[in-house]
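Trainee: Next comes the sequence, and after it the predicted model I'd like to discuss.
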Amino acid sequence: MAPLRKSESEDFKRYTSYTESKDEEFSRKIKIAWAIAIIVVIICAGIVAGLLTWALLREEATLPPAPPAILPPQEVSFGVGNSAVLSIGGAKPMKLRLRSPVSTKNHMAELTLGVSFDGGLRSYANCSNPGPAKVCYDVWTNENDNFTLAFEHKTYENAKGFECSTVTWTGTLDSEVTDCIELGQGKWYGGGLLFEQRWPMELRKNMGPFVSGDILQDRTEYGSVLEPYWISTDGVALWVDYDAKSQPLHTSFNSTGDGKLCLKSSYLHAPYVRAQQKSLQIKYTVCVGKNVQHVHKSILGNVSPLPWPRPTGIPSQGMFRWPIWSTWVSYKTSIDEPKLIEFIDRIHNLGFGASNIEIDDGYQLKYGDFSFNLTKFPDPSIPIEHAHRYGYNVTVWVYPFINHDSSAMNEGLLMLNRSFVLREDGRIPAMTWWWQGHLAALVDFTNPEAARWYLSRLEQFRDRYNITSFKQDGGEAGWTPNYRKFHEDAVNPDYYGKAYINAVCAEENKAMVSSLEFRIGLHTQHQPIFVRMLDKDSVEGYDNGLRTMIPSALTFGILGYPFVLPDMIGGNAYRNVSEGDFASGLLESQFPSEKLFLRWLAATVFMPSIQFSIPPWIYSGTATSDALKLMNLRAKHVDLFVQLAIDSTRTGYPIVRPMWWIDGDWEAGWNIDDQFLVGDDLMVAPLLDPESSSRSVQIPPGRWRNELDQKDYTGPALVHNFHVRDDQVLHFFRQK
């Protein structure tokens, strides 16, 4: 290294010996602080900018893609002679039109798809299991929700002129979809049990959940038997693929007179609760045929899978051959051991016979405990064995409710939340109320352990007293709280009733199944049991009275329940009866009139089963002898009922059939609600008016013989003034 020159050395000495003044030091520090601050600001700004950029990119990534352009309007045709036309594209709602190639009236099914959407159909989508008659689309709503619409059309070689289109919507859980079919000018049948049952339907029902209820508690609800299946005299049928576990179905029928049957799928409204579903879906099928008879029979004979399962067997033949006798109407809850023995003796001594002696409400001490009140029944085995000696079975009224003050409640609680339907948090029972308890739990039949507990208690009760079987009550969705939690996740509260029936009717319980009866039908047509009508009132009219008996039986039949058990003859005598009367039994003045009783009996003599509760011997007139004659008339035709029951396991056909079953084009037959067919060849026209001794009859096409006077009548024709005695039922056989 070269030595410093003299001038450089002096500069170095001055630099190294220099002392900074305070002002200069302060100025230097200020400059450094500003530099650091500027650097920090730049770094923070960079971080903020980076975060904002990340957030914007993330938001863009989670937004749904912008909907593609709306497809131009177009029509896609399917079927024989383009019988099905799907109008799509454009901003207008999509339309589906179907017409049977052999329709005698040139009627058409017309549907609007996605009635609340205005986003339009945007693009084609890939179909699962694609085929020549299946197309799929992406549909965007005005809320920018995305749906997939799948459409499939089928024709059937074995049913000329019968064609079906299936529509499937799939969307997000928070979305809704509504489709509507025009009711047109046809008459409609189906849906379910109603308080004011009409045939054909005369209903205006606003959009609401399609779930079962107790129409004695709320007359505006659907009743205890329902199926999302409707048919029209225009030769149109519609049904929803019913899944009681996950189907959040809402329906309306001619709401505000709009002339539409609408279906809506939505999880957004009670009583539906989300379970483990990942998407919203609704699937339904529309079929067309020559007429109402053709389309209904074609569905039962050709569609796979069927709208509902066929019966796998038939109930006990004894329940077809002999009447059921219930203690309910006459004794209400006042039944006891002496009254029961007297009741059994009167039935036997007067020659009526019985399939089942049914011990109804009032035998127990606490509701939920399957045991006898030993004050009222000191030795229950005495009346039960008394009935057995006459050859009668004994059944007992039971239910799925467990009242809070029963021993069964304590027993169930000890099972640590494995016995009852629970609240949403899964910690305590979801308490409900019912007609015999303001605080009760529900046995959770979706839990196999709870079902076994309930059935083991029934079996112990049955074995202890030699009981044959049970009259099962309740089970409608209306009794399950909206804040419920089933052991097995289910959206629809009607899954409870379905699980209830299937648990009790399980193979291991077959010893008692054939003599069972339920009052609910929830896609359980396969069970070999009688399904009874919900309690009728002791009045003549359509306000849940006698006039609803035939429409109810016909509705059961077309919904796939051939083993219909009509309500008790004369009704339940609920009106003008106080709570105190339930505990003490009814007075003679509180029963329906003798004429109404006999008209009621005449209406049910030719139905699959029959049940008494008001005994004919309470009347001072000829009711007892008239009733015996009517029961003898029934006995002559019981073999026909049994054969038709057996046939139903193969065909799915009802035993009690509507008048249009003869000829679906016979317009007069569309409106008949006071006549019915038993099979294809026996026509029944009971006298229903208590104030009359004659009636008119619509004679169907063909030649029919009046079994009362052996005269033949050729139809179609309206014939007046058939005189009928109180111990007769007007009935005709078709002549070949």
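Mentor: That came through, no problem. In this text, all values refer to a predicted model and were calculated from it rather than measured experimentally.

Trainee: quick one, strands of the stretch 151-300 of the chain?
Mentor: 163-171, 176-182, 188-192, 205-209, 226-232, 236-240, 249-253, 260-266, 280-288 (DSSP state E, counting those that start in this stretch).

Trainee: out of those strands, nearest to V504?
Mentor: V504 lies closest to strand 226-232 among those, at 19.4 Å (CB to CB). C-beta here means a position set from N, CA and C on the backbone, and glycine is covered the same way.

Trainee: quick revisit: let me have the strands of the stretch 151-300 of the chain in TSV, extended by mean neighbour count, mean pLDDT and distance to M415.
Mentor: Formatted as TSV, those follow (neighbours: other CB atoms under 10 Å; pLDDT from 0 to 100; distance: least, CB to CB, whole Å):
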stretch	mean neighbour count	mean pLDDT	distance to M415
strand 163-171	21	93	39
strand 176-182	21	94	39
strand 188-192	23	97	34
strand 205-209	17	94	31
strand 226-232	24	97	32
strand 236-240	24	97	36
strand 249-253	21	95	33
strand 260-266	22	95	35
strand 280-288	22	94	35
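
Trainee: Could you dump the ones you listed into JSON lines with distance to P93 added?
Mentor: Below are the strands of the stretch 151-300 of the chain laid out as JSON lines (distance: least, CB to CB, whole Å):
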{"stretch": "strand 163-171", "distance to P93": "13"}
{"stretch": "strand 176-182", "distance to P93": "10"}
{"stretch": "strand 188-192", "distance to P93": "22"}
{"stretch": "strand 205-209", "distance to P93": "17"}
{"stretch": "strand 226-232", "distance to P93": "21"}
{"stretch": "strand 236-240", "distance to P93": "18"}
{"stretch": "strand 249-253", "distance to P93": "17"}
{"stretch": "strand 260-266", "distance to P93": "13"}
{"stretch": "strand 280-288", "distance to P93": "16"}
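
Trainee: Look at F732 and give its secondary structure.
Mentor: strand (DSSP: H, G, I helix; E, B strand; the rest coil).

Trainee: Please name the residues that touch it.
Mentor: 682-683, 685, 697, 699, 704-707, 713 (CB atoms under 8 Å, 6 or more residues apart in numbering).

Trainee: hmm, back to that, for L416, which of the strands of the stretch 151-300 of the chain is the nearest?
Mentor: Of all those, strand 205-209 comes closest under CB to CB, at 32.2 Å.

Trainee: tell me what that closest one is packed against?
Mentor: Where contact means 3 or more CB pairs under 8 Å, 6 or more residues apart in numbering; DSSP states H and E, strand 205-209 is packed against strand 249-253.

Trainee: Centre of the chain to the strand it packs on, how far?
Mentor: 12 Å (CA atoms, centre = their mean, to the nearest Å).

Trainee: what angle sits between it and strand 205-209?
Mentor: Orientation of strand 249-253 against strand 205-209 (axes from the mean of the first three to the mean of the last three CA atoms, to 10 degrees) gives an angle of 170 degrees.

Trainee: which residues sit against strand 249-253?
Mentor: By CB under 8 Å, 6+ apart, the list of residues contacting strand 249-253 from outside reads 188, 191, 201, 203-210, 228, 240, 242, 260-266, 269, 282, 492.

Trainee: could you redo the last one with a cut-off of 7 Å?
Mentor: 203, 205-210, 228, 240, 261-266 (CB atoms under 7 Å, 6 or more residues apart in numbering).

Trainee: tally of neighbours for V504?
Mentor: Neighbour count for V504, taken as other CB atoms under 10 Å: 25.

Trainee: how close does it get to L516?
Mentor: 7 Å (CB to CB, to the nearest Å).

Trainee: what's the answer for K736, then?
Mentor: From K736 to L516 the distance is 38 Å (CB to CB).

Trainee: Can you tell me which of the contacts of strand 249-253 is closest to W435?
Mentor: P209 (21.5 Å).

Trainee: Which residues are in contact with the residue most central in space within the chain?
Mentor: By CA atoms, centre = their mean, the chain has its centre lying nearest to L226, at 3.3 Å. By CB under 7 Å, 6+ apart, the contact set of L226 is 191-193, 210, 212.

Trainee: mind giving me TSV with the residues you listed and columns for distance to V85?
Mentor: Below are those laid out as TSV (distance: CB to CB, whole Å):
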residue	distance to V85
G191	27
G192	31
L193	36
F210	28
S212	36
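
Trainee: Pick out whichever of those sits closest to L546.
Mentor: The closest of the contacts of L226, once distances to L546 are taken by CB to CB, is L193, at 15.9 Å.

Trainee: Not counting its neighbours along the chain, what's nearest that closest one?
Mentor: G223 (3.1 Å; CB to CB, 6 or more residues apart in numbering).

Trainee: Could you measure from the residue lying closest to P592 once chain neighbours are set aside over to I359?
Mentor: Distances taken as CB to CB, 6+ apart place S538 nearest to P592, at 4.0 Å, with adjacent residues excluded. To I359, S538 is 22 Å away according to CB to CB.

Trainee: Between the two, which has more neighbouring residues?
Mentor: I359 (29 against 25).

Trainee: any idea of the pLDDT on the more buried one?
Mentor: pLDDT recorded at I359 is 98.

Trainee: thinking it is in contact with T327, fair?
Mentor: Yes - in this structure, I359 is within contact of T327 by CB atoms under 7 Å, at 5.8 Å.

Trainee: hey, what's in contact with both of those two?
Mentor: With CB under 7 Å, 6+ apart, I359 and T327 have common neighbours 335, 340.

Trainee: Could you count how many residues lie near Y331?
Mentor: Number of residues near Y331 (other CB under 10 Å) recorded here: 22.

Trainee: hmm, I was thinking of D567
Mentor: By the criterion of other CB under 10 Å, D567 has 23 neighbours.

Trainee: got the contact list for L644?
Mentor: 655, 679.

Trainee: Report the separation between it and Y653.
Mentor: The spacing between L644 and Y653, counted by CB to CB, is 8 Å.

Trainee: The host helix or strand of E385 - contacts with which helices or strands?
Mentor: In the assignment (DSSP states H and E), E385 maps to helix 381-389. Helices and strands touching helix 381-389, by 3 or more CB pairs under 7 Å, 6 or more residues apart in numbering; DSSP states H and E, are helix 337-349.

Trainee: So what angle separates the directions of the helix it packs on and helix 381-389?
Mentor: Using the same axes, to 10 degrees: helix 337-349 against helix 381-389 is 10 degrees.

Trainee: C-terminal to helix 337-349, what's the next element?
Mentor: strand 356-359.

Trainee: now the stretch 501-650 of the chain, which segments are flagged as low pLDDT?
Mentor: When residues are selected by pLDDT under 70, those of the stretch 501-650 of the chain lie in 576, 578-581, 583.

Trainee: mind listing the strands for it?
Mentor: Under DSSP E, counting those that start in this stretch, the stretch 501-650 of the chain gives strands at 517-518, 530-532, 564-565, 611-612.

Trainee: Which strands border the longest one, and is each parallel or antiparallel?
Mentor: Within its sheet, strand 530-532 is paired with strand 517-518 (parallel), strand 564-565 (parallel), according to DSSP bridges.

Trainee: Around R204, how many other residues sit close by?
Mentor: Using other CB under 10 Å: R204 sits among 12 other residues.

Trainee: Show the pLDDT at it.
Mentor: At R204, the model reports a pLDDT of 92.

Trainee: Report the contact partners of it.
Mentor: For R204, the contact set (CB under 7 Å, 6+ apart) comprises 254-255, 257.

Trainee: Please report how far V491 lies from H523.
Mentor: Distance, V491 to H523, by CB to CB: 14 Å.
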